[in-house]
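S.K.: can't give you the sequence, but here's the structure:
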C-alpha cells in the first residue's frame, strides 16, 4: 500500500513538473518575436490594429501626422521570463493612410533580427539583390501579398534591425472592371500571387529603338494583355506605367507569330484599344492634337490637349492605316479634326496609364 502511494506521489510530481516546464516554455515563446508573429500583426484589420498590439505588450508613445499619413509610436514593455527580465529594446512605428497601413518593427538584438530574417526566407520570402547586402542600405523581401523592407545599422555597441512590413490590400475579382483597377498591383509578386504563375510573365519592353525596360506581362498574347513597367526594376516593384493594347512591343511578342485578339480592357472614361479617331473625338467633346510622322512620338496625343478626357493621366497612342504619304510623314503635329476631314483611318493602338510611384506605394 505504501509502495503504491509512493508511486502515485512520484507520478503526480512528474506530471506537475512536465506541466510547469510546458508553461515556462509557452511563456518564453510568447515573449520571443518571430517572423510569423510580425506577419500576424500585419494581417490585422486596420481598425483593430492598436487594440491588437496593446495585447502584444506595446505601449503608445504618442502620434503625429505627415501629410495624409498618421504616424504612431509604440514601445515594447518587457516581461520577465524564467526569472530573468527580457532586456531587449524593441519599438514599433505605425503608418496609416485612408487606404491601408504598414509598420516598422525595430529590435536592438542582432540575434533576434537575424533569426527573424532567417524565418522569413524559410517561409518563402525572396530578395532579388540579397547579394548586395554588404553595400545596400536596405533589402526588399517579397512573398505573396506581403513585403518586408529590412535594414540594419550600428547603435553604440549594438546592431539595430529594422523591418518595414506591409500586407498589400488587393481588390476582389468583381472589383476589377476597368484598366485603372490594375494599378492596385504595384509589384510583379502581387500579380503572380493574385492571377497565378501561368498568367504572369517577366519580359522586356521596347520603349524606343534604343531603350528597353524590364516589365511584367499579364495574360500575355491574349485579349486581356496588360504590360506593367517598374520603377524598381531590380525587385520588379513600384509600379511606373501600365500599357494596354494588343500588339505591344514586348520581347516575347517578337517571336509570337499569331494574331492577338483585340484588347478587352477599357478605361473608366470609355476609351479602349481599337476605338476609332472619330469616336475618340466625340468622347472628348473637343478637338485635340497628336504627333505626326515627323516626330519620334508619332501617333501620341499631346498631353496638354483639352476636353473631357485627361490625356496627361491617360496617354493615348494612335495608329493609322492610310498615313504613308508625305502629307502625314512631314507634319510634326496634326489636329484631330483635320485628320478626320482628310479621311485618315486612325484608331487607338495603345493606352498608357501613368501612376504616381511616391504617393501610395509605401514600400
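M.R.: Arrived safely. Keep in mind that what you see is a predicted model, and the values were worked out from it rather than measured.

S.K.: for the rest of this, base every contact and every neighbour count on C-alpha atoms.
M.R.: Will do.

S.K.: pLDDT score assigned to the nearest residue to residue 146 once chain neighbours are set aside?
M.R.: The shortest distance from residue 146 to any non-neighbouring residue, by CA to CA, 6 or more residues apart in numbering, is to residue 167 (4.5 Å). For residue 167, the model assigns a pLDDT of 97.

S.K.: could you number the chain from 662 rather than 1 from now on?
M.R.: Sure thing, new numbering starts at 662, so read that last one as residue 828.

S.K.: measure residue 828 to residue 693 for me?
M.R.: 22 Å (CA to CA, to the nearest Å).

S.K.: one more: residue 967?
M.R.: 60 Å.

S.K.: which of those two has more neighbours?
M.R.: Comparing residue 967 with residue 693 by other CA atoms under 10 Å, the one with more neighbours is residue 967, at 16 against 11.

S.K.: and that one, how far is that from residue 939?
M.R.: Counting by CA to CA - residue 967 and residue 939 are separated by 16 Å.

S.K.: likewise for residue 730?
M.R.: Computed with CA to CA, the distance linking residue 730 and residue 939 is 44 Å.

S.K.: same check on residue 981?
M.R.: Counting by CA to CA - residue 981 and residue 939 are separated by 13 Å.

S.K.: ok, now residue 873?
M.R.: Taken as CA to CA, the span from residue 873 to residue 939 is 32 Å.

S.K.: can you tell me the closest non-neighbouring residue to the residue minimising distance to the centre of the chain?
M.R.: Centroid-nearest residue in the chain: residue 847, 3.1 Å away (criterion: CA atoms, centre = their mean). Leaving aside its sequence neighbours, residue 847 sits nearest to residue 900 (CA to CA, 6+ apart; 4.7 Å).

S.K.: just give me the neighbour total for the one you found.
M.R.: 25.

S.K.: secondary structure element holding it?
M.R.: strand 898-906 (DSSP states H and E).

S.K.: just the buried positions in whatever helix or strand comes next after that strand, please.
M.R.: Next helix or strand after strand 898-906 toward the C-terminus (DSSP H and E): helix 912-915. Neighbour counts over helix 912-915 (16 or more other CA atoms under 10 Å) mark 912, 913, 914 as buried.

S.K.: pipe these into TSV and attach pLDDT and distance to residue 923 per row.
M.R.: Putting the buried residues of helix 912-915 into TSV (pLDDT from 0 to 100; distance: CA to CA, whole Å) gives the following:
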residue	pLDDT	distance to residue 923
912	78	19
913	75	18
914	70	15
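
S.K.: tabulate these (a markdown table), appending distance to residue 935.
M.R.: Output for the buried residues of helix 912-915, formatted as a markdown table (distance: CA to CA, whole Å):
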| residue | distance to residue 935 |
| --- | --- |
| 912 | 22 |
| 913 | 22 |
| 914 | 19 |
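
S.K.: tell me the secondary structure at residue 774.
M.R.: Three-state assignment for residue 774 (DSSP: H, G, I helix; E, B strand; the rest coil): helix.
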